[in-house]
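this one's sequence-less:
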């Protein structure tokens, strides 16, 4: 006789980068399935901004991911997608540098990072008190890779 397989719905997890988020997903999964279980982690997730104004909270949150027991011939791949915080700069080089800093800070490397959209809008902040009068919001980037622990 065959029985249905469990699929653990992970609650909202937060972190400042992909490594923190993935470690918490794994911790919760191993708590349920056991420390030695072979697991099938989600093949994608989208990290969204949380309360970026509060220094004591984590920057990103992930919701709605499921972990299952592993099965034969499953590919251990993941597409990580993240909404970056708004950035400001005095020119294009500074804006691009800030976007790159946040993206590599989340993913941990520059490998396989691609934009979600082909372009982003830059707005002028007319009353900027410093030289950073250009602002960008709504940049989403993604990275394809493997789950480090699966």
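Thanks, I have it. It should be emphasised that the depicted structure is a prediction, and the values quoted were computed from it without experimental measurement. Numbers count the residues shown, from 1 in each chain.

where does residue 135 fall, secondary structure wise?
Secondary structure assignment for residue 135, by DSSP states H and E: strand 134-136.

so what strands line up beside that strand?
strand 87-89 (antiparallel), strand 122-124 (antiparallel) (DSSP bridges).

any idea which helix or strand carries residue 67?
strand 66-69.

what of residue 48?
strand 44-49.

elements contacting that strand?
helix 18-33, strand 60-62, strand 78-83 (3 or more Cβ pairs under 8 Å, 6 or more residues apart in numbering; DSSP states H and E). From N, CA and C alone the C-beta is placed, and that goes for glycine too.

out of those, which one sits most buried?
Stretch with highest mean neighbour count among the helices and strands packed on strand 44-49: strand 60-62 (a mean of 21; mean count of other Cβ atoms under 10 Å).

out of the strands paired with strand 134-136, which gets nearest to residue 58?
For residue 58, the closest of these is strand 87-89, at 18.8 Å, according to Cβ to Cβ.

now do the buried residues in the helix or strand just after the closest one.
Downstream of strand 87-89, the first helix or strand assigned by DSSP H and E is helix 92-107. Buried positions in helix 92-107, judged by neighbour count with 16 or more other Cβ atoms under 10 Å: 95, 98-99, 102-104, 106-107.

can you tell me which of these is nearest residue 43?
Among those, and counting by Cβ to Cβ, the member closest to residue 43 is residue 107, at 16.6 Å.

can you pull the contacts of that closest one?
Going by Cβ atoms under 8 Å, 6 or more residues apart in numbering, residue 107 touches 17-18, 80, 82, 113, 143.

tally of neighbours for residue 74?
By other Cβ atoms under 10 Å, 14 other residues sit near residue 74.

give me the neighbour count for the closest residue to it other than its chain neighbours.
Nearest residue to residue 74 in three dimensions, chain neighbours excluded: residue 40, at 5.5 Å (Cβ to Cβ, 6 or more residues apart in numbering). Residues near residue 40, counting by other Cβ under 10 Å, number 19.

my guess is residue 40 meets residue 66, correct?
No. Taking Cβ atoms under 8 Å as the definition, residue 40 is not a contact partner of residue 66, at 9.0 Å.

quick check: residue 46 vs residue 76, distance?
19 Å (Cβ to Cβ, to the nearest Å).

between these two, who's got more neighbours?
A direct count of neighbours by other Cβ under 10 Å for residue 46 and residue 76 places residue 46 higher, at 18 against 14.
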